[in-house]
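Asker: Quick one, fold the following:
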Amino acid sequence: MSLDLPAPFHLTEKVAVITGASSGLGSRFARILASAGADVVVVGRRGNRLEALADEINETTGRDVHPVVCDISRAEGPGRVVDEAVSRFGRLDIVVNNAGISRVVSAVDDDREGFEYELSINLVAPFDISRRAASWMLENEQTGSIVNIASVMGLVGGGRLRAAGYAASKGGLVNLTRELASQWARNGIRVNAIAPGFFASEMTEEMFESEGGMAFITSNTPMGRPGAEHELDGALLFLSSDASSYVTGHILAVDGGWTAI
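Answerer: Okay, here's the model as predicted:
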């Protein structure tokens, strides 16, 4: 399936890297960018899921989807992601830093090791992948778009959710987005972020299956409901494509009004 899109949203001849693509939002993002015409490098730690996703997308869109089994929290991971993309396709245009984890633990019961591990995946890895991708783009005088998947918890506190590491890492990712955007703007490399509210995924599964969790989401979201799977598609396509060619350093909250109150 290919999407019938206005010209600025087309991603034909573009190459996109998506981390955390073996499930949830990441696999959805891969399908959407491929449907808009991009060839895609899907990155994750579960090879069987990545292979199945690649086969499915290739069959439905005809796009070339290359799975890379990789742990981006390891020092060698981010470099391998960029190298594989360039080796396979000869170019790199779009990076979607989607991989992330969340631990629910009160700050006083947390430990340094767990806190640092959360930052390594949610903040350090996106920085490392972004700088390596930008380095290739700069060396090859190519423009590009980097989209960081942040969170409303990078903009406001989580209150009863008790997730200091997650909040700190996503808050860092928000301002990292602005900093990298300011550094690379004159070279045509745009850096933006999406800050989703609550969407069903592996990370939020326990909350969505809990009566109390759903009550927390619905009572604190002005729209009175969590986000539907497709409701991040437009934001992703906008920030990944030339439709947002004059947008950089922006944090786009897709949250049903969560951060409006």
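
Asker: Then Asn192 would be within a strand, right?
Answerer: Yes. Counting by DSSP: H, G, I helix; E, B strand; the rest coil, Asn192 falls inside a strand.

Asker: tell me the contacts of it?
Answerer: Contact analysis of Asn192 by CB atoms under 8 Å, 6 or more residues apart in numbering lists 145-148, 177, 181, 239, 244, 247-252. Every C-beta, even on glycine, is put in place using the N, C-alpha and C of the backbone.

Asker: Tell me which two in those are the farthest apart.
Answerer: The most widely separated members of these, counting by CB to CB, are Ser145 and Ile251 (14.7 Å).

Asker: who has more neighbours, those two?
Answerer: Per other CB atoms under 10 Å, whichever of Ser145 and Ile251 has more neighbours is Ser145, with 24 against 18.

Asker: Neighbouring strands - and their directions - for whichever strand or helix holds the more buried one?
Answerer: For Ser145, the host element (DSSP states H and E) is strand 144-149. Using DSSP bridges, strand 144-149 pairs in its sheet with strand 94-97 (parallel), strand 189-196 (parallel).

Asker: okay, these, which one's buried deepest?
Answerer: Mean neighbour count (mean count of other CB atoms under 10 Å) peaks for strand 94-97 among the strands paired with strand 144-149, with a mean of 28.

Asker: Could you identify the helix or strand that succeeds that one?
Answerer: Following strand 94-97 in sequence, per DSSP H and E, is helix 112-119.

Asker: Neighbours of Val124, how many?
Answerer: Val124: 18 surrounding residues under other CB under 10 Å.

Asker: Could you do Asp83 as well?
Answerer: Residues lying near Asp83 (other CB under 10 Å) number 15.

Asker: Likewise for Val247?
Answerer: 14.

Asker: what about it, which SS state?
Answerer: Once three-state DSSP is applied, Val247 turns out coil.

Asker: Look up how far Val191 lies from it.
Answerer: Noted for Val247: a distance of 10 Å to Val191, by CB to CB, to the nearest Å.

Asker: do Asp242 as well
Answerer: For Asp242, the distance to Val191 equals 15 Å [CB to CB].

Asker: And for Phe199?
Answerer: Computed with CB to CB, the distance linking Phe199 and Val191 is 22 Å.

Asker: Turn the buried ones among the contacts of Asn192 into a named ChimeraX selection, would you?
Answerer: Remark: buried members of these, expressed as a ChimeraX selection using 16 or more other CB atoms under 10 Å:
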select :145,146,147,148,177,181,239,244,248,249,251,252
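
Asker: Tabulate the contacts of Asn192 (a markdown table), appending pLDDT and distance to Ile101.
Answerer: Converted to a markdown table, the contacts of Asn192 look like this (pLDDT from 0 to 100; distance: CB to CB, whole Å):
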| residue | pLDDT | distance to Ile101 |
| --- | --- | --- |
| Ser145 | 98 | 24 |
| Ile146 | 99 | 20 |
| Val147 | 98 | 19 |
| Asn148 | 98 | 15 |
| Thr177 | 99 | 19 |
| Ala181 | 98 | 25 |
| Leu239 | 98 | 23 |
| Ser244 | 98 | 28 |
| Val247 | 98 | 28 |
| Thr248 | 98 | 27 |
| Gly249 | 98 | 26 |
| His250 | 98 | 25 |
| Ile251 | 98 | 21 |
| Leu252 | 98 | 22 |
